[in-house]
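> Test case, fold it:
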Amino acid sequence: MADASLYLFDGYNLLHAGPYADARELADALASFVATRGARGIVVFDGGGEEMQLGPLSVRFAPDADTLLERLAAEHRALERVVLVSSDRAVLETAGREVVQLSSQTFFRDLEPPRTPGAPPGGLADKLDAETRARLERLRRGE
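Predicted coordinates:
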């Protein structure tokens, strides 16, 4: 997966291509993804909804998500390394050659974590009570 300082995500395009049940679940996964890479991200959904910040991920809504994604790519591509994740050819083609382009299917294939036998015993999660874990989860989500 390409390293970037800004990831732009086509929300409903990813939602329909991936294993997530709803937009919130997808947004949580994307927030974790960009956080682990030390990057920022913007996921854009068509229509209306509650815009929010989930750590390094901005969740945005627009009447036409494609237009907003194209504009964001054009605004940022000269300033930082941008990766645009969408399977919409029109969006990818208008983003410019400076923008790294990934299809939704490729993104999800590369996103899949390596298979491990499980967490090693004695990890931090074993030492935290349920209330502390819940508070940390709310902090991670920016709530």
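> contacts and neighbour counts: CA atoms only from here.
Will do.
> Flag the helix or strand of this protein with the lowest per-element mean pLDDT.
helix 89-94 (a mean of 75; mean pLDDT, DSSP states H and E).
> next structured bit after it?
Next along the chain after helix 89-94, taking DSSP states H and E as the criterion, comes strand 100-102.
> which strands and helices sit next to the next helix or strand after that next one?
Following strand 100-102 in sequence order, the next helix or strand is helix 104-111 (DSSP H and E). Judged by 3 or more Cα pairs under 8 Å, 6 or more residues apart in numbering; DSSP states H and E, helix 104-111 is in contact with helix 11-17.
> about what we covered before: what is the least confident helix or strand of the chain packed up against?
Applying 3+ Cα pairs under 8 Å, 6+ apart, we find helix 89-94 packed against helix 65-76.
> Show me how far stretch 135-143 is from its chain's centre.
Distance of stretch 135-143 from the chain centroid (Cα atoms, centre = their mean, to the nearest Å) equals 17 Å.
> Mind listing what's buried along that stretch?
Residues 140-141 are the ones in stretch 135-143 that count as buried (16 or more other Cα atoms under 10 Å).
> Also stretch 81-91?
So, applying 16+ other Cα under 10 Å, buried residues of stretch 81-91: 81-87, 91.
> Just the residues you listed: which are in strands?
82-85 (DSSP state E).
> okay, which residue is most central for this protein?
Residue closest to the average C-alpha location in the chain (Cα atoms, centre = their mean): residue 30, at 2.9 Å.
> doesn't it fall inside a strand?
No. Read with DSSP: H, G, I helix; E, B strand; the rest coil, residue 30 is helix and lies in no strand.
> ok, now how distant is it from residue 18?
Distance of residue 30 to residue 18, given as Cα to Cα, to the nearest Å: 12 Å.
> Could you list the residues in contact with the least confident helix or strand of the chain?
66-67, 69-70, 84, 86, 101 (Cα atoms under 8 Å, 6 or more residues apart in numbering).
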